Structure formats: structure tokens, C-alpha cells
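>>> pasted the sequence and its predicted model underneath.
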Amino acid sequence: MASNDTRINERLAEILSFPARPQSQHPSPIELSFIFFSDANQGLDNRYKLIFDIADFADRHGFEAVWMPERHFHPFGGIYPNPAVLASALAVRTKHIRLRSGSVVLPLHHPAEVVESWAMVDHLSNGRVDLGFASGWNPNDFILSPGTFANLKEVWKERLGTVRRLWRGEPMSFPNGKGKDTEIRVYPQPIQKELNVWLAITKLDETYTYAGHEGYNVLTMLQGIDLDELGRKIRLYKTARQEAGLPPEGGKVTLMLHTLVHENLKRVEAAVREPFFNYIKSALTGHIQSLPESERPSERELNKIVEYSYERYFKTGAMFGSVDDVMSVVKKAASVGVTEIACLMDFGIDYSLVMESLPFLHRLKTALAREGLARMGGLE
């Protein structure tokens, strides 16, 4: 009979492993954005310099958005405890890009608090806010709201509707400090009358179906699945939209991919090997800390899992290489229904190399736009 450690090792290895990349099929137009998630100081005095500089580049060169997460009490992502604060800073230094939470952990917050904070950002940005919401999973995060951990999924779904109603300016009642139900409206009223909502989803089919039925967009990643399997889940999402009387092609599906696009694959491999290895290990320790002590893998076993995950992830779950190298990944993603790729670049790569790589991403964006025009008859 397998030991607890063996079962946990197998499960963790499955989480970050992927089958071989399938060939691209008939692609559709796709947007590129940037997403931040990890704690990567890159030796800079200001931890947020990389974020500011990428956002400035994205704003000048027509990228779709920047995404900011909410993370708590762990080095992995720990510099992002409040995405609204970071979005406020970006709102006053950018003019065009959408500012998105990726994602607010809704069971940790009162809906009125969320709307108040992001309504301010909506004003500071002149109406460029979109919000992604997550249910949360790490019990340590729920130090902020221990009473909502046991039924976090139900709280997540319930509060989503409340946030949307408050955003529209509808009055709602909540208990005040004396326990008396009190009707409120949130101020300032956002510039945008309707809130664009994304749900952060990983692997559960029923959550894709729920998002489609409710008319929400999707923010996802390749956690233990490949693009073909993601395509199957997107079909469930579109079917649910259609059954709810919504246009099946109307929903947006954003896929997060670790990204470094440069001149050649060998340079990329040399650049990402150590930081990406450490990134995966840091991410896994965040999952492991929620396991009972007796079920946690040893350091040696953890390193084996990380090594295996790194090799598989590099080949099939990221955009690493030249523009030509990554083009097939983007086209395949578009062919299965992904409408936007959120490029994750803050996983420990040297700051100067990240900034040096940005023009290659812009070149990719231009090439995709050109192919999109070709499919619509604008170019031969």
C-alpha cells in the first residue's frame, strides 16, 4: 500500500505536469496582456519597478490589460496583498490599458468594501477597471475571514451577485454595528455602469459551466491539463452560455502562460532554468503548507517533483522561445477558444532581460494582428 508521502508526491507531480503539445489548428484572433503573480524582486530597490515598467510598455504599445493578484502571508506572491492599491498607482500613470484584478479573493472581503475600493480605481483610470474573482483555497489566507472558509465556494458565488448590484448603484441592506439591517449605496459610483467580471477557474468542469450560465468571463491556467483538455472545458462554457440565452461566442477566456519571448530558444532556456525551477518550487510550497505535517514530501522528494514539473512545463505549458517558436502555442490556444493570453513574466528572470524581451512580444502581437486581418480578407 502506498505511503502518504508517495500519494502526495504523485498528486503534486500531476498538478504541474502536461502531455505533449498538440499541433495548432485553425486559429482565431487573440489578445495579449500581462499578469503578475510572484514575488520577484530582480535585485531592484523598488519591488514594483518591473510592474510599473511593463505596464508603461503595455500602455504605449496597445496591449489589452495588466492583471494584479491578491496573495497573503507567503513569499510566493506576498508582495500583492491588495490589488486595488497597485491598480490605483497604475491608474494615474497609464492611459489606455485595462486594469484587472486577477483575482480578488471574494470570500475574504465584504462586497461593499470591494466595490468602494475599485470604484475609486475606476475614477482614477477613467473607467478602465475589470474584476476577476477567486474563491480562495489556502486556509492560512482565511486568517482575514475565518468564518467563510468552510463554505467558501457558496460565499464566492453569493457575493459575486452582490458586488454587481452594488456596482450598478442599487441599494442593498447589511447589518450595521448594532446588528440592524441598514440600506446603503456605495460611493463614489463607478464610471462604468456595468462591471466586466472574470472568474478564476482551474480544472473543475462545473465551474466552467457555472461561469457560462451566469455570463461571466474566465481566467484560467494549464494546471495539470493541456490545451486540448482546456478546449473541452471551453466548449462546456460556451454550451452553458447558449443554454442561458447568451451568445456562445460572447464570453472571454483568458489563459495565463509563463512567458519569455526572445531571439532564440537556447538563450531563453539558459535564462529561465534557475528562476523558473525556483518559481515552481515556491509555488508548490504554498500548496504543501496546507497539508498535514505527516503528508508533506521531504526536501529530496520535493526537488524531484519540481525537476519533473519544470521539464514538462517548459515544453508544453509556457511561451518560451523566439516569436516563431511561440506562434504555434498562441495559434493552438486561439483554436480551442482562448481569446486572450496573459503573459506572466515576474517569476525571477533578470529585470534587464525581461525588459529586453518586450519588443519581441510586441512583434508577436503585430504578427497576430496581421494574420487576423488576413483571415478577414484585409491582406493576402
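Everything's here; your move.
>>> residue boundaries of the strands in the stretch 201-350 of the chain?
Along the stretch 201-350 of the chain, counting by DSSP state E, counting those that start in this stretch, strands occupy 217-221, 253-261, 318-321, 340-344.
>>> worst average pLDDT in those?
Mean pLDDT per stretch puts strand 318-321 lowest among the strands of the stretch 201-350 of the chain, at a mean of 90.
>>> contacts for that strand, please.
Contacts to strand 318-321, defined as CB atoms under 8 Å, 6 or more residues apart in numbering, come from residues 257-262, 264-265, 268-269, 272, 314, 326, 329-330, 341, 343. The C-beta positions use only the backbone N, C-alpha and C, and glycine is treated the same way.
>>> re the thing from before, make a markdown table out of the strands of the stretch 201-350 of the chain and add mean neighbour count.
Below are the strands of the stretch 201-350 of the chain laid out as a markdown table (neighbours: other CB atoms under 10 Å):
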| stretch | mean neighbour count |
| --- | --- |
| strand 217-221 | 24 |
| strand 253-261 | 24 |
| strand 318-321 | 23 |
| strand 340-344 | 24 |
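>>> in JSON lines, list those strands along with distance to Arg60.
Formatted as JSON lines, those follow (distance: least, CB to CB, whole Å):
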{"stretch": "strand 217-221", "distance to Arg60": "24"}
{"stretch": "strand 253-261", "distance to Arg60": "18"}
{"stretch": "strand 318-321", "distance to Arg60": "21"}
{"stretch": "strand 340-344", "distance to Arg60": "16"}
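>>> let me know which of those strands is the nearest to Glu183.
Closest of those to Glu183 is strand 217-221, at 30.3 Å (criterion: CB to CB).
>>> which residues sit in contact with Arg60?
Applying CB under 8 Å, 6+ apart to Arg60 gives no contacts.
>>> apologies, that question was intended for Gln189.
If a contact means CB under 8 Å, 6+ apart, then Gln189 has Ala119, Gly169 as its contacts.
>>> tell me how far it lies from Gly169.
5 Å (CB to CB, to the nearest Å).
>>> check Arg363 too.
Arg363 sits 43 Å away from Gly169 when distances are taken as CB to CB.
>>> give me the number of residues near the closest residue to Asp181 other than its chain neighbours?
Closest residue in space to Asp181, ignoring its immediate chain neighbours: Ser173 at 4.5 Å, by CB to CB, 6 or more residues apart in numbering. Other residues lying near Ser173 total 10 when counted by other CB atoms under 10 Å.
>>> Ser173 contacts Glu183, doesn't it?
Yes: assessed by CB atoms under 8 Å, Ser173 is found in contact with Glu183 at 4.8 Å.
>>> confirm for me that Glu194 is in contact with Arg168.
Yes: between Glu194 and Arg168 there is a contact at 6.9 Å, judged by CB under 8 Å.
>>> out of these two, which sits in the busier spot?
Arg168 (15 against 9).
>>> which residues sit in contact with the more buried one?
With CB under 8 Å, 6+ apart, Arg168 has these contacts: Lys193, Glu194, Leu195.
>>> where does the second one land on pLDDT?
We have a pLDDT of 96 for Glu194.
>>> residues contacting it?
Trp167, Arg168.
>>> how near is Gly212 to Leu99?
To Leu99, Gly212 is 25 Å away according to CB to CB.
>>> now the element after the helix or strand bottoming out on mean pLDDT in the chain, going C-ward?
Ranked by mean pLDDT, DSSP states H and E, the weakest helix or strand in the chain is helix 4-15, scoring a mean of 44. Downstream of helix 4-15, the next assigned helix or strand under DSSP states H and E is strand 31-35.
>>> now the helices for the stretch 201-350 of the chain?
For the stretch 201-350 of the chain, applying DSSP state H, counting those that start in this stretch gives helices covering 205-214, 227-243, 265-288, 299-316, 323-335.
>>> buried ones in the last one, by neighbour count?
Under the neighbour-count criterion of 16 or more other CB atoms under 10 Å, helix 323-335 has Val323, Val326, Met327, Val329, Val330, Lys331, Lys332, Ala333, Ala334, Ser335 buried.
>>> is it correct that the fourth one is in contact with Thr259?
Think Val329. No: counting by CB under 8 Å, Val329 sits too far from Thr259 to count as a contact (9.9 Å).
>>> which among the buried residues of helix 323-335 gets closest to Lys157?
Nearest to Lys157 out of these is Ala333 (CB to CB; 27.4 Å).
>>> pLDDT weak spots in this protein?
1-28, 39-45, 279, 282-283, 285-287, 289-291, 315-316, 373-380 (pLDDT under 70).
>>> tell me which residue of it is furthest from the middle?
Outermost residue of the chain with respect to the C-alpha centroid, by CA atoms, centre = their mean, is Lys178; its distance is 38.7 Å.
>>> let's verify it: helix, strand, or coil?
At Lys178 the chain is in coil, as set by DSSP: H, G, I helix; E, B strand; the rest coil.
>>> try the one 10 residues further on
When states are read from three-state DSSP, the local structure at Pro188 comes out as coil.
>>> what's the spacing between it and Glu113?
Taken as CB to CB, the span from Pro188 to Glu113 is 14 Å.
>>> I'd say Phe57 and Phe360 touch.
No: look at Phe57 against Phe360 with CB under 8 Å: they stay out of range, at 11.9 Å.
>>> now stretch 110-118: buried residues?
For stretch 110-118, the neighbour count (16+ other CB under 10 Å) marks Pro111, Ala112, Val114, Val115, Ser117, Trp118 as buried.
>>> so the closest residue to the first one other than its chain neighbours is in which element?
This means Pro111. Distances taken as CB to CB, 6+ apart place Thr162 nearest to Pro111, at 4.1 Å, with adjacent residues excluded. Element membership of Thr162, judged by DSSP H and E, is helix 152-167.
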